[in-house]
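Chemist: Just a sequence and a predicted model for now, questions to come.
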Amino acid sequence: MGSKVQMIALDNLSLELLKKIQQQRIPTLFAPEKGDLAGFQAKAERLVFLADVGFIELAFPPSYDSKTGGRYIDGIAVRNITPRGARAIAEVAAAP
């Protein structure tokens, strides 16, 4: 039996993150800008989602801020983009 491939629609934030990761040659660290933990959460949650669906590989699990009781992710290190993530970028670029 062949495995089913689920198509995932990528929004602009996902594409932006994947492209940034693809351009890096070393692990990429994502963290809040100017200490804005709340503002960083959309990007952090998107990175966790991209890892969950196999588009990126994390270097280690997300780091949670201890000052807020662990409510906010305060850092994510991405090891690399996976072949599946690279294909997703290519498919979006090739779409009419």
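Modeler: Alright, I've got the coordinates.
Chemist: need the longest helix for this protein.
Modeler: In terms of residue count, the longest helix belonging to the chain (DSSP state H) is helix 37-52.
Chemist: where do the strands sit along the chain?
Modeler: Here the chain has its strands, by DSSP state E, at 28-30, 56-58, 63-64, 73-81.
Chemist: what ranges of this structure fall below the confidence cut-off?
Modeler: For the chain, residues meeting the criterion pLDDT under 70 lie at 1-7.
Chemist: Just give the closest residue to G39, not the sequence neighbours.
Modeler: Nearest residue to G39 in three dimensions, chain neighbours excluded: P32, at 6.8 Å (C-beta to C-beta, 6 or more residues apart in numbering). The C-beta positions use only the backbone N, C-alpha and C, and glycine is treated the same way.
Chemist: quick one on the thing from earlier: who are the packing partners of the longest helix of the chain?
Modeler: Applying 3 or more C-beta pairs under 8 Å, 6 or more residues apart in numbering; DSSP states H and E, we find helix 37-52 packed against helix 12-23, strand 28-30, strand 56-58, strand 73-81.
Chemist: residues touching the residue nearest to the spatial centre of the chain, list them.
Modeler: With distances taken as C-alpha atoms, centre = their mean, L47 lies nearest the centre of the chain, 2.5 Å away. Listed by C-beta atoms under 8 Å, 6 or more residues apart in numbering, the contact set of L47 reads L17, F30, I56, L58, P62, I76, V78.
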